[in-house]
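In: need coordinates for the following:
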Amino acid sequence: MNSKLSLFLAGALVTLTSCGSNDPGATGGTDAALQFLVWPETGSTVFSKSAVYVGDPANEISVEGTIAIVVGGTAPKAGDAMPDGALKFEAGKTFGYVEMPTGKQSLHVHLFDKDGKATDQGQTVAYTIEATPDALGVNWNEPKDGATVKSPFKVSFGLNGAELSPAGQNALDKTLGHHHITINKGVVTPGIIMPMGEKDLLHYGKAQTEAEVTLEPGSYELTMQFADAAHRSYGKALAKTLKITVE
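Out: Predicted coordinates for the structure are as follows:
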């Protein structure tokens with residue numbers, strides 16, 4: 001992890017076992033112990049309907065058991081049963097789309113075993129949670145889905161309910177971000193970082209709303225993916241895919 005990215009990451013380290021990944025936004029993994037972090041990082045401002053990710057930002061893993069978020073109160077202790085009302089991820093997943101209460105909240109992100117008992121792996125984070133705008137989302141102004149274009153062609157990004165901010169700025173405000181395009185890779189798992197320098201991943205870190213793209217002739221699937229100051233994906237809630245043909 002480079003020094004600039006490390007400035008955006010905070011919180012306790014947890015160790016789980018990597019099982020690899022087929023997700024287009026992940027790098028894939030090997031069977032090895034990994035240290036990882038909860039994202040959004042503590043101190044963040046987030047929308048009430050948000051994704052939360054637990055893990056290495058470059059490598060999605062799987063876990064045995066279920067990660068869940070307990071809002072308020074005290075953190076679960078090893079052996080405690082998962083509380084009623086906990087915000088659960090899908091079993092085995094290290095990310096989940098949850099709805100959290102608004103206001104300043106303390107959240108205990110914890111791994112529970114297959115029997116629903118708390119392990120000793122968890123982290124407490126503090127968020128300022130804002131109501132999610134009804135119209136939150138991204139859309140393609142240009143090109144249109146199914147269009148045939150000549151290279152280079154113009155792309156134009158639409159954004160509703162959130163605001164633009166350049167990469168590297170306002171790191172703890174997850175209601176802000178900037179655009180990316182993945183080429184034939186689909187939606188990127190929330191919390192996974194999108195690295196620079198990949199030909200099938202285009203960055204618009206100056207908070208651009210339009211640009212020109214050059215592609216070889218062929219058929220393509222382009223996904224507009226909104227992400228935070230450290231290029232960490234907001235996932236499917238702020239992504240939009242279309243198909244084009246380049247002559």
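In: quickly list the domain ranges of the protein.
Out: When the chain is parsed with automatic domain parsing, its domains come out as 3-130, 137-246.
In: give me the most central residue, this structure.
Out: By CA atoms, centre = their mean, the chain has its centre lying nearest to residue 190, at 1.9 Å.
In: worst average pLDDT in the domains of the chain?
Out: Per-stretch mean pLDDT for these is lowest at domain 3-130 (a mean of 80).
In: summarise which helices and strands the longest strand seen in the chain is packed against.
Out: Using DSSP state E to define each element, the chain has its longest strand at strand 118-130. When contacts are defined as 3 or more CB pairs under 8 Å, 6 or more residues apart in numbering; DSSP states H and E, strand 118-130 sits against strand 14-17, strand 33-39, strand 45-47, strand 103-112. Using the backbone N, CA and C atoms, a C-beta is placed for each residue, glycine as well.
In: residues in contact with residue 89?
Out: 52, 66, 67, 68, 95, 96, 98 (CB atoms under 8 Å, 6 or more residues apart in numbering).
In: among those, who's most crowded?
Out: Neighbour counts for the contacts of residue 89 (other CB atoms under 10 Å) peak at residue 67, which has 28 neighbours.
In: was I right to think the residue nearest to the centre of the chain contacts residue 233?
Out: Yes. Contact criterion CB atoms under 8 Å: residue 190 and residue 233 qualify, at 5.4 Å.
In: so the residue nearest to the centre of the chain, which of the three states?
Out: Secondary structure, DSSP: H, G, I helix; E, B strand; the rest coil: residue 190 is coil.
In: identify the residues contacting it.
Out: 51, 52, 53, 95, 97, 232, 233, 234, 235, 236.
In: with residue 82 instead?
Out: 66, 68, 76, 88, 112, 116, 117, 118.
In: got it, and residue 213?
Out: 151, 152, 153, 154, 155, 181, 202.
In: mind listing the helices for this protein?
Out: 3-6 (DSSP state H).
In: now residue 158: how far from residue 130?
Out: As defined by CB to CB, to the nearest Å, residue 158 lies at a distance of 21 Å from residue 130.
In: likewise for residue 202?
Out: Residue 202 is 29 Å from residue 130, by CB to CB.
In: what about the nearest residue to residue 204 once chain neighbours are set aside, how many neighbours?
Out: Spatial nearest neighbour of residue 204, excluding adjacent residues (CB to CB, 6 or more residues apart in numbering): residue 179 at 4.5 Å. Neighbour count of residue 179, defined by other CB under 10 Å: 24.
In: so residue 179 touches residue 224, yeah?
Out: Yes. Judged on CB under 8 Å, residue 179 makes contact with residue 224 at a distance of 6.1 Å.
In: now the common contact residues for the two.
Out: 138, 157.
In: the residue lying closest to residue 176 once chain neighbours are set aside: what's it in contact with?
Out: Distances taken as CB to CB, 6+ apart place residue 165 nearest to residue 176, at 3.8 Å, with adjacent residues excluded. Residues near residue 165 by CB under 8 Å, 6+ apart: 173, 176, 177, 178, 207, 229.
In: tell me how far residue 165 lies from residue 178.
Out: Taken as CB to CB, the span from residue 165 to residue 178 is 7 Å.
In: need the overlap of contacts for the two.
Out: residue 207.
In: ok, which pair from the contacts of residue 190 is furthest apart?
Out: 97 and 232 (15.1 Å; CB to CB).
In: more neighbours: which of the two?
Out: residue 232 (27 against 15).
In: report how many residues lie close to the nearest residue to that one once chain neighbours are set aside.
Out: With CB to CB, 6+ apart as the criterion, residue 232 has its nearest non-adjacent residue at 5.1 Å, and that residue is residue 193. Residue 193 has 24 neighbouring residues, counting by other CB under 10 Å.
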